[in-house]
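K.L.:
Sharing a model that was predicted from the sequence below.
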Amino acid sequence: MDIFETLRAAADAEKAASMSAYMRDQFAFLGVPKPEREKLSREFMKAIDKTVVDWGFVFNCWEQPEREFQYLACNYLLKVKAVLTSADIPSIKRLIVSKSWWDTVDSLDMLVGDIAKRCPELKDLLLSWSADEDIWIRRIAIDHQLMYKEDTDTCLLEQILVNNLGDKEFFINKAIGWSLREFSKTNPDWVRAFIETHRADMAALSIREASKYL
């Protein structure tokens, strides 16, 4: 069996209903929880050619109605992330804006962040993403430096965050707080100063998240 048949053969209707409900019934599920899904796809992942990116496979996963296949695509891309370049950003953006929710977007965020760290020419693009109409594109821009630590471009981070202050969208304000909270582990003084400077325009959620380790 191929990986699609393998996962479908493990479908569990009762678990599928529960998993769909957890995602506010926005997506259909096979009912294969993460531990089982990873076990079933282990051999497939081991056999991946990490020197190329099979976008045909990725888009095929994205076209499947069940959410597990979008997770499979994200896991596949994380396996081949070392060969992803700025030329792959349009393809990743296509995934970001399709079947969008935090579960897939936050995985794709890691990919964009990894590419951007190696391709500084993407800085202007990510700054433009921070003002995009699509909240998930903006969320990617806000959190793409999440794991950069001392390599964080604070000038870019501030510009991106300021572009999103005053927004009432939960997922944007959560992302703002998340990015600041993570960076506070590396540079708490910078985060404190940002909060003091922009407190009047920041959502309570963002401030609460950002202040967790201060």
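P.N.:
Great, that's in hand. Residues are numbered from 1 along each chain as shown.
K.L.:
can you list the residues that contact the helix or strand where residue 159 lies?
P.N.:
Using DSSP states H and E, residue 159 maps to helix 154-162. Contact with helix 154-162 is made by 123, 126-127, 130, 141-142, 145, 176, 179-180, 183, 187, 190, 194, 198, as judged by CB atoms under 8 Å, 6 or more residues apart in numbering. C-beta coordinates here come from the backbone N, C-alpha and C atoms, glycine included.
K.L.:
List just the nearest of those residues to residue 16.
P.N.:
Within these, the smallest distance to residue 16 is 32.0 Å, found for residue 142 (CB to CB).
K.L.:
so what's the backbone phi/psi at residue 163?
P.N.:
Note on residue 163: backbone dihedrals following degrees, to the nearest 10 are phi -60, psi -20.
K.L.:
Sorry, wrong one. I was asking about residue 66.
P.N.:
With angles defined as degrees, to the nearest 10, residue 66 sits at phi -90, psi 140.
K.L.:
follow-up on the earlier one: buried ones among the contacts of helix 154-162?
P.N.:
126, 130, 141, 142, 145, 176, 179, 180, 183, 190, 194, 198 (16 or more other CB atoms under 10 Å).
K.L.:
Sort out for me which of those are in helices.
P.N.:
Secondary structure assignment by DSSP state H places 126, 141, 142, 176, 179, 180, 183, 190, 194, 198 of those in helices.
K.L.:
check contacts around the last one.
P.N.:
Listed by CB under 8 Å, 6+ apart, the contact partners of residue 198 are 161, 162, 165.
K.L.:
Looking at neighbours, which among those residues is most surrounded?
P.N.:
Counting neighbours by other CB atoms under 10 Å, residue 161 leads those with 22 neighbours.
K.L.:
Need the pLDDT of it.
P.N.:
Note on residue 161: pLDDT of 98.
K.L.:
what residue ranges in the protein are flagged as low confidence?
P.N.:
Low-confidence segments of the chain (pLDDT under 70): 1.
K.L.:
which residue is nearest the middle of this structure?
P.N.:
Centroid check for the chain by CA atoms, centre = their mean gives residue 106 as the closest residue, at 1.9 Å.
K.L.:
and the closest residue to that one other than its chain neighbours, how many neighbours does it have?
P.N.:
Leaving out its chain neighbours, the residue that sits closest to residue 106 by CB to CB, 6 or more residues apart in numbering is residue 143, at 7.6 Å. Neighbour count of residue 143, defined by other CB under 10 Å: 22.
K.L.:
Residue 59 now?
P.N.:
As a burial measure, residue 59 scores 14 neighbours (other CB under 10 Å).
K.L.:
State the distance from it to residue 53.
P.N.:
As judged by CB to CB, to the nearest Å, residue 59 and residue 53 stand 11 Å apart.
K.L.:
same deal with residue 73?
P.N.:
As defined by CB to CB, residue 73 lies at a distance of 11 Å from residue 53.
K.L.:
Could you do residue 7 as well?
P.N.:
Going from residue 7 to residue 53 by CB to CB gives 21 Å.
K.L.:
ok, longest helix in this structure?
P.N.:
Among the segments of the chain that qualify as a helix by DSSP H, the longest is helix 102-118.
K.L.:
now for that one, which elements pack on it?
P.N.:
Contacts defined by 3 or more CB pairs under 8 Å, 6 or more residues apart in numbering; DSSP states H and E place helix 102-118 against helix 67-79, helix 89-96, helix 123-129, helix 135-143.
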